[in-house]
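Undergrad: Please find the sequence and the predicted model below.
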Protein chains: 2
Amino acid sequence: MSKTQTTSADSPRSRAGLDLLVDVTGPRLRASLTDALRDAVRSGRLVAGTRLPASRVLATDLGIARSTVTECYAELVAEGWLTAQQGSGTRVATLVRPLTEPTAAAVTGPDDRRAIQGLVPGSADFAEFPRQQWLAAARRALAAAPYSAFGYGDPAGRMELRTALAGYLSRVRGVQTEAERIVICSGFHHGLALVAEALAGRGAQAIAVESYGLDLYRALLSEAGLRIPPLTVDDQGARIRELRDLEVGAVLLTPAHQFPTGVALSPERRAAVLDWARSTDGFILEDDYDGEFRYDRKPVGALQGLDPERVVYFGTASKSLAPALRVAWMVLPESLLRDVLAAKGRVETVSVLDQLTLAEFIASGAFDRHVRSRRQNYRRRRDQLIAALARRAPDVRVRGMAAGLQAVLELPAGTEGAVLRAAAASGLIVSGMAEYRHEALDPSTVDDGLVINYSAISDSAWEGALDLLCSVMPGR
Amino acid sequence: MSKTQTTSADSPRSRAGLDLLVDVTGPRLRASLTDALRDAVRSGRLVAGTRLPASRVLATDLGIARSTVTECYAELVAEGWLTAQQGSGTRVATLVRPLTEPTAAAVTGPDDRRAIQGLVPGSADFAEFPRQQWLAAARRALAAAPYSAFGYGDPAGRMELRTALAGYLSRVRGVQTEAERIVICSGFHHGLALVAEALAGRGAQAIAVESYGLDLYRALLSEAGLRIPPLTVDDQGARIRELRDLEVGAVLLTPAHQFPTGVALSPERRAAVLDWARSTDGFILEDDYDGEFRYDRKPVGALQGLDPERVVYFGTASKSLAPALRVAWMVLPESLLRDVLAAKGRVETVSVLDQLTLAEFIASGAFDRHVRSRRQNYRRRRDQLIAALARRAPDVRVRGMAAGLQAVLELPAGTEGAVLRAAAASGLIVSGMAEYRHEALDPSTVDDGLVINYSAISDSAWEGALDLLCSVMPGR
């Protein structure tokens, strides 16, 4: 019933030096030929750079249709085993996929022979990116996208994503908005730059910031020509009453989970900052970078929900999914919408395909499931961190553990530098409070501490990192 | 052998009002249950908002494992038929995918009842986006990506993409570069803004531009504080010798296929502009927006290949794939690299996932195949346009047809406005030369004409648009 055809270098009919065993009459002829060629490349019998016979020649050789050979070549080119270049025919590829192997070295830095564990804010356990579910959403989004979606896009963002976010943010964070008030940006950094430009254009000369935070954002505001006076952060969050003595057009806050100390802005201060904004015509810039991650109590709703006309809400996919998406969002007061869109410009800059995929990812429920699974994992790590410290370093006080991805381990005054050095020497990279401290901060208010991002590394590395951490904490 | 279990509202065991016919003993039990539920939603028997029974309840009802029900629900949530929300259980979705139907209305604008055909530059036949091949590349890219790829990314761009582009641009456009000299940006607009900022930072006060081009780019340069004196465009491209009388730090050119006139910069002028750059320490900004599309003769190589230290090369995926990717690239002289990277900032803004996918799309040969297929299609349309005009409007002279996606149909002086109005009245949107004319252009040099983008619409609309176009051209 089936006839096996061998073409080999010994055969006078073969001009290709190919030695393939192919069932040329079976129902899966093309698959059989494709498999045989793939095996030949994989096993090294066909070496990189080898030119394959022209499809016409191989078809004649095997006594099969030329289109079968063409399709087979095309498939192997698509899979990366072969390359096709006009003028030089089809050749065995020099680079065989995967281009880059996911190795431990890629995660921890290739230069160090010892395992380096990092618990530094800003990184995350990228092994948790839901590759399969993301691809499934991309497939559905691309299949459903109208032709017009492949164009330049609306600088405000794709309506599918803005609609999905409006529902999600309302449900999960208590944000009050319509899709029309949401603007997509490439990250919090991009959004903050646009809002700073809009506020500066309306005459703002200063924006208050928390006394601890990322220097990247302070630098961004300074470069936009704005002064950035600090508000002291204590265990109730930023001291809002200090705003009274500052002439600022806005205040940048992390109300749900102060970065990096992890404290939540107290209810009194939430009310006070809204009062301040209403009475001064000022704006609150609410950086809700990890609002999805809350462990001990009911989520603290977004401040934006209390006064959508005075709060600019910022959210991001960087913490919940991955920074690699470069997708974030702003919910804007009506009065700022036009100026922020003008700052964004006439040309969309955020990937429209990723926007469509994220819209589908949210609408399908996959985003909720992913966040829930991550939350469970981070809660477990937090509990392990608390238990390990209680056992091995009982004098260390821990702050900011009720939510989010990081917490602060308080250190005796003057010891931060020594602990960081001891950690680094034992193979653990962590960061200290000093890295996040506002340049203008009164030195008498300075607290030593480690900022521990317990979401930063993979499950397999976590226990070792926790052990190292405990071993470098100061004893009683 | 198989047992069919019906659960219905009439059955005392059913608490869900579900009426499903499921083969509970067959090998495809889960698929069977999934199909039954999907059909119930699709047919409207289960209406939007209906709460489904808890998985435990339905499993008991049907006498099957609870995990089977859970998996089935999860699949239908992923497909968009159901929604799952914590606290409110699983419900029939109100929005049934696809979110947006690809309809003619979506392509041509929903407000017009008549078919509107558009041949306007800047749009493309988005129906040609290779959705399947792109998804296949995304799948391979995501599978191969190291964990670290999901982080914030290098602001210069992913090395995988820069490496793939270095090979591609060398092979296809004669660009001389290493991956390290390539910087990824979100579009030509973004790249031009970064280079303008770098040049202004080095003291440049003016950049010469072609007398015809996109006003968007002229506006961008003006807003960056640069003067933009024009170089007259004739049938050999921009008149380079006019640069002698202008004090400019750089000149923005479209050498391979002038936009919009379509002429190629003559060999003499290519040499002359390089001489100018070398003798004045100036830079040539080479916008190679459609360099892949050449029909009549061998490709005109990139100017960059002649002097990589004096030319900034700009390429984009917007014409060859789709603007929706928001991915473009620059090849920079060594002397500008640091300043352009500084202008881009410390944070990557371009989707890392799209960068990885495009790298794989190029490396696998899919990009070459896609461009080749598009080129054949555009060449056929170009030939049809030439033939139709020769037959029906033989007095019309056509320029710029040797390459690219657009050409100019010359019109008798003073008739452009009337022809545009006649076209619009008959349902054809085209643009005239006036739209692209530099504000400072000497009125005596003005040529009337239509700019026809023959890549702008789908195959099915093309013949009708061509017919309309011929019908509005001025007769003998």
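TA: Sure, I can see it.

Undergrad: hey, let's count contacts and neighbours off CA atoms from now on
TA: Fine.

Undergrad: And the nearest residue to A:Gln304 once chain neighbours are set aside, its phi and psi?
TA: Counting by CA to CA, 6 or more residues apart in numbering or on different chains, A:Gln304 lies nearest to A:Val311, which is 5.1 Å off, once chain neighbours are set aside. Backbone torsions of A:Val311, given as degrees, to the nearest 10, read phi -120, psi 130.

Undergrad: how close does A:Val311 sit to A:Leu216?
TA: From A:Val311 over to A:Leu216 the distance is 22 Å, taken as CA to CA, to the nearest Å.

Undergrad: what about these two, which has more around it?
TA: Just comparing A:Val311 and A:Leu216: by other CA atoms under 10 Å in any protein chain shown the higher neighbour count belongs to A:Val311, 24 against 13.

Undergrad: which residues of the stretch 151-300 of chain A score low on pLDDT?
TA: Counting by pLDDT under 70, the stretch 151-300 of chain A has low-confidence residues at A:297-299.

Undergrad: strand partners of the one helix or strand A:Tyr313 maps to, parallel vs antiparallel please.
TA: Assigned by DSSP states H and E, A:Tyr313 falls within strand A:311-316. In the sheet, strand A:311-316 lines up against strand A:283-287 (parallel), strand A:328-331 (antiparallel) (DSSP bridges).

Undergrad: I'd like to check what contacts the helix or strand just after the shortest one. Which residues are they?
TA: The helix or strand immediately downstream of strand A:328-331 is helix A:334-344, counting by DSSP H and E. If you take CA atoms under 8 Å, 6 or more residues apart in numbering or on different chains as the criterion, helix A:334-344 is touched by A:Pro155, A:Ala156, A:Arg181, A:Val183, A:Leu194, A:Val195, A:Glu197, A:Ala198, A:Glu309.

Undergrad: swap the cut-off to 10 Å and go again
TA: The contact list for helix A:334-344, computed with CA atoms under 10 Å, 6 or more residues apart in numbering or on different chains, reads A:155-156, A:180-185, A:190-199, A:201-202, A:283, A:308-310, A:312, A:330-332, A:345.

Undergrad: So which elements touch the helix or strand containing A:Phe361?
TA: A:Phe361 belongs to helix A:352-363 when assigned by DSSP H and E. Packing partners of helix A:352-363 (3 or more CA pairs under 10 Å, 6 or more residues apart in numbering or on different chains; DSSP states H and E): helix A:131-144, helix A:159-173, helix A:366-392, helix B:66-79, helix B:352-363.

Undergrad: what's the angle from that helix to helix A:159-173?
TA: Here helix A:352-363 runs at an angle of 40 degrees relative to helix A:159-173 (axes from the mean of the first three to the mean of the last three CA atoms, to 10 degrees).

Undergrad: Helix A:352-363: how far from the chain's middle?
TA: Distance of helix A:352-363 from its chain centroid, counting by CA atoms, centre = their mean, to the nearest Å, is 14 Å.

Undergrad: How about stretch A:182-197?
TA: That offset, for stretch A:182-197, works out to 16 Å (CA atoms, centre = their mean).

Undergrad: try stretch A:142-150
TA: Distance, centroid of stretch A:142-150 to centroid of chain: 24 Å (CA atoms, centre = their mean).

Undergrad: for stretch A:320-328, same thing?
TA: Per CA atoms, centre = their mean, the centroid offset for stretch A:320-328 relative to its chain is 3 Å.

Undergrad: Could you export that stretch as CSV, CA atoms only?
TA: C-alpha atoms of stretch A:320-328 as CSV (Å, rounded to 0.1, in the frame of the first residue of the first chain):
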residue,chain,number,x,y,z
SER,A,320,0.6,42.1,37.9
LEU,A,321,1.9,40.7,34.6
ALA,A,322,5.3,41.8,33.4
PRO,A,323,7.2,45.0,32.7
ALA,A,324,8.0,43.6,29.2
LEU,A,325,4.5,44.5,28.1
ARG,A,326,5.2,48.2,28.5
VAL,A,327,1.5,48.9,29.1
ALA,A,328,0.1,51.1,31.9
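
Undergrad: In it, which residues are buried?
TA: A:Ser320, A:Leu321, A:Ala322, A:Pro323, A:Ala324, A:Leu325, A:Arg326, A:Val327, A:Ala328 (16 or more other CA atoms under 10 Å in any protein chain shown).

Undergrad: Keep only those of these that are in helices.
TA: Of the buried residues of stretch A:320-328, the ones assigned to helices by DSSP state H are A:Ser320.

Undergrad: Would you mind giving the buried residues of stretch A:320-328 as TSV with pLDDT added?
TA: What follows is these, written out as TSV (pLDDT from 0 to 100):
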residue	pLDDT
A:Ser320	90
A:Leu321	93
A:Ala322	91
A:Pro323	91
A:Ala324	92
A:Leu325	93
A:Arg326	95
A:Val327	97
A:Ala328	97
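
Undergrad: At the contact with chain B, which residues of the stretch 301-450 of chain A appear?
TA: Counting by CA under 10 Å from any CA of the partner chain, the residues of the stretch 301-450 of chain A lying close to chain B are A:318, A:321-327, A:345-355, A:359-366, A:368-369, A:372.

Undergrad: what about the stretch 351-476 of chain A, any weak spots by pLDDT?
TA: Low-confidence segments of the stretch 351-476 of chain A, defined by pLDDT under 70: A:443-445, A:475-476.

Undergrad: Distance of A:Gly427 relative to A:Leu169?
TA: For A:Gly427, the distance to A:Leu169 (CA to CA) stands at 40 Å.

Undergrad: Kindly report the same for A:Val69.
TA: 52 Å.

Undergrad: So for these two, which sits in the more crowded spot?
TA: A:Val69 (22 against 19).

Undergrad: Let me see the contact set for the more buried one.
TA: Counted by CA under 10 Å, 6+ apart, A:Val69 has contacts A:Leu29, A:Arg30, A:Leu33, A:Thr34, A:Ala54, A:Ser55, A:Arg56, A:Val57, A:Leu58, A:Ala59, A:Leu62, A:Glu75.

Undergrad: ok so, going back, and the helices and strands packed on helix A:352-363: which comes nearest B:Ala40?
TA: Relative to B:Ala40, the nearest member of those by CA to CA is helix B:66-79, separated by 11.8 Å.

Undergrad: Can you point out the buried residues in that closest one?
TA: Those would be B:Arg66, B:Thr68, B:Val69, B:Thr70, B:Cys72, B:Tyr73, B:Ala74, B:Glu75, B:Leu76, B:Val77, B:Ala78, B:Glu79, for helix B:66-79 by 16+ other CA under 10 Å.

Undergrad: and what of stretch A:393-408?
TA: Result for stretch A:393-408 [16+ other CA under 10 Å]: buried residues A:393, A:395-396, A:398-408.

Undergrad: okay, now the residue nearest to A:Leu411 when sequence neighbours are not counted: neighbour count?
TA: Excluding the flanking residues, the one nearest A:Leu411 by CA to CA, 6+ apart is A:Gly449, at 4.8 Å. Neighbours of A:Gly449 under the rule other CA under 10 Å: 28.

Undergrad: surely A:Gly449 meets A:Arg437?
TA: No: applying CA atoms under 10 Å as the test, A:Gly449 and A:Arg437 come out as separate, 11.4 Å apart.

Undergrad: Against A:Asp288, how distant is A:Ala256?
TA: 7 Å.

Undergrad: what do the two both touch?
TA: A:Gly301, A:Ala302, A:Leu303.

Undergrad: just checking, the last one touches A:Gly174?
TA: Yes: under the contact definition of CA under 10 Å, A:Leu303 touches A:Gly174, with a separation of 8.5 Å.

Undergrad: neighbour-wise, which of the two wins?
TA: Shown here are A:Leu303 and A:Gly174; by other CA under 10 Å, A:Leu303 has more neighbours (28 against 18).

Undergrad: Let me know the distance separating that one from A:Ala256.
TA: Taken as CA to CA, the span from A:Leu303 to A:Ala256 is 8 Å.

Undergrad: need the contact list for A:Phe361.
TA: For A:Phe361, the contacting residues are A:133-138, A:140-141, A:161, A:164, A:355, A:367-368, A:370, B:78, B:80, by CA under 10 Å, 6+ apart.
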